[in-house]
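**Q** structure for the following, please:
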Amino acid sequence: MAYENSCLNDRVFDEISGLTIQQFYYPDECPKRKNSFMSTYIGIEKECPAPEPFGDNVWTISAITGLFFLSFLGQFIFAPLMPTIKGELGISNVEAGSLFLMISVGSFISQLLSGHLSYRINHHGSLFVSKLLVGLPLLWLLVDRSMLSVRVVMLIVGMGVGLHMPSAIATITAMVDRQDWGKALGLHEIAPPLGSAIVPFLAVLLLDYLAWQHIIAVVAVIVLTPSFFFYRFVDCGNFPGDPPVRQLLVEVLSLRSFWIMVVLFSLFFGGVVGLYTMYPLYLIQEVGMSSEQANSLVGLSRLTGLLGVFLSGLIMDRIGEKKHIFLFMGMAGLATFLIGATTGVLLMIMMFIQAALINCYPAAGFSALSRTVQPHLRSVITGLAAPIALVIGGGIVPTLLGFMGEAYTFSLGIMVLGGLMFISPLLVLPLRLLNVLGDGC
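**A** Residues are numbered from 1 along each chain as shown. Now for the predicted structure:
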């Protein structure tokens, strides 16, 4: 495919596939386009933003982070309300845990299809649609709050949550210089601990005045309103994603590093989403706390996750992704094990420490995931690895924890999870990260 009047023609060799990506850069003096790339791969032509320093994009990344935060409001609101929902619907711990599997399955479906959607409406449009799928279904529970409706709503919410990550990672890594990925992705990863910290307090504040379905409706309004402002006023992600055609899927699925990252992300999601969703039931049924005490403790403990996110972005840029993952995943696993092995004040302390340590992982994890492939595969690999991992860590893990709570104890299930997390850093030893990356998206 030929381009006229290109100021710089750059061919980048893909170390994994053995194929060549054709890229064209247009600097400021080029009359055709300014500060952009044109890249083509397997016939897909797209204009990409030129990478810039983190400081030049901090407000745009903050807006994307705000959208990510809204996703977690919609996803996490069910966890502090689950004891109330469980009592009203008359379901078991296993059934309560399986409800969160619906969110993970929805996320799995949407992330597999995310490339097709972002290819047609760009990453910017995909980010907006993701919030519509999170917010609008929550309003349905005002009409019908049966078990079937809760399952369907959580499935669709999961689809909305899943659409965010591939487009967000592709947008951020395309617009920010490689050496600033740690800070940029670290800022983006503020959203999960912030959302998981605020949601329990919101539930505690409103449960005395509103029914659980009305609280969920309030969250729906909070999610939807800012999303329209983002779509109208924030300019980012105006380039298409790559649909997961067979050639791209084969490339990604054949990578050993891809499967290593799937396992690591599964344990990460298990230590964050899986554990978080079952905390209220564990603390109320097994530890003996009241609903208000349990939700307040969970919310407060999540605040230390913000510290972990800030530190991780700075540390990762200095020691690299592999050392960072090895260090913090291992320590987070030990802290998770101790949550199940301890009681009283020590249990509470471990909850705070675990939240800080586990939230050090995602910035390094997504940066490493992005470095296992060339830019044209970023949205594809994120759209495959994250949903598989979320089904395991955010869906199967809470279901298994619920089973352990029924058959044995929640604490034993948490100790098993912590043990697996503790030994998982050994997987980074054979992990292969690319040192030569092409620019573009």
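**Q** just for the chain, where's the confidence low?
**A** Segments of the chain classed as low confidence (criterion: pLDDT under 70) are 1-46, 244-245, 313, 379, 436-441.
**Q** the longest helix in it is where?
**A** Ranked by number of residues, the top helix in the chain under DSSP state H is helix 93-140.
**Q** excluding chain neighbours, what is closest to the most centrally placed residue in the chain?
**A** Nearest to the mean C-alpha position of the chain, by CA atoms, centre = their mean, lies Met165 at 5.8 Å. Spatially, and ignoring its direct neighbours in sequence, Met165 is nearest to Ala386 (5.1 Å; CB to CB, 6 or more residues apart in numbering). C-betas here are computed from N, CA, C, even on glycine.
**Q** now do Ser227
**A** By the measure of CB to CB, 6+ apart, the closest residue to Ser227 outside its immediate chain neighbours is Lys131, 3.7 Å from it.
**Q** go on, Tyr282?
**A** What sits nearest to Tyr282 in space, not counting adjacent residues and going by CB to CB, 6+ apart, is Phe410, at 4.1 Å.
**Q** the one you found against Pro398, yeah?
**A** No - using CB atoms under 8 Å, Phe410 is not in contact with Pro398; the gap is 10.7 Å.
**Q** separation between the residue nearest to the centre of the chain and Ala191?
**A** The span separating Met165 from Ala191 equals 11 Å under the rule CB to CB, to the nearest Å.
**Q** returning to that earlier point: need the overlap of contacts for Phe410 and Pro398.
**A** Here Phe410 and Pro398 have Met278 as joint contacts, going by CB atoms under 8 Å, 6 or more residues apart in numbering.
**Q** tell me which of the two has more neighbours.
**A** Pro398 (32 against 23; other CB atoms under 10 Å).
**Q** and the helix or strand hosting the more buried one with helix 93-140, angle?
**A** Assignment of secondary structure by DSSP states H and E places Pro398 within helix 397-407. Between helix 397-407 and helix 93-140, the angle comes out at 130 degrees (axes from the mean of the first three to the mean of the last three CA atoms, to 10 degrees).
**Q** right, and the helix or strand after helix 397-407?
**A** Using DSSP H and E, the helix or strand that follows helix 397-407 in sequence is helix 410-423.
**Q** then that following helix to PDB, C-alphas only?
**A** These are the backbone C-alpha positions of helix 410-423, laid out as PDB (Å, rounded to 0.1, in the frame of the first residue of the first chain):
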ATOM      1  CA  PHE A 410     -13.800 -19.000  54.000                       C
ATOM      2  CA  SER A 411     -10.400 -18.600  55.700                       C
ATOM      3  CA  LEU A 412      -9.100 -21.900  54.300                       C
ATOM      4  CA  GLY A 413     -10.100 -20.800  50.800                       C
ATOM      5  CA  ILE A 414      -8.300 -17.500  51.300                       C
ATOM      6  CA  MET A 415      -5.200 -19.300  52.500                       C
ATOM      7  CA  VAL A 416      -5.100 -21.500  49.400                       C
ATOM      8  CA  LEU A 417      -5.500 -18.400  47.200                       C
ATOM      9  CA  GLY A 418      -2.700 -16.700  49.000                       C
ATOM     10  CA  GLY A 419      -0.400 -19.700  48.600                       C
ATOM     11  CA  LEU A 420      -0.900 -19.800  44.900                       C
ATOM     12  CA  MET A 421      -0.200 -16.100  44.600                       C
ATOM     13  CA  PHE A 422       3.000 -16.500  46.700                       C
ATOM     14  CA  ILE A 423       4.600 -19.000  44.300                       C
END
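**Q** strands of this structure, start to end?
**A** Applying DSSP state E to the chain gives strands spanning 8-13, 20-26, 36-41, 44-49.
**Q** many thanks, I have nothing further to ask.
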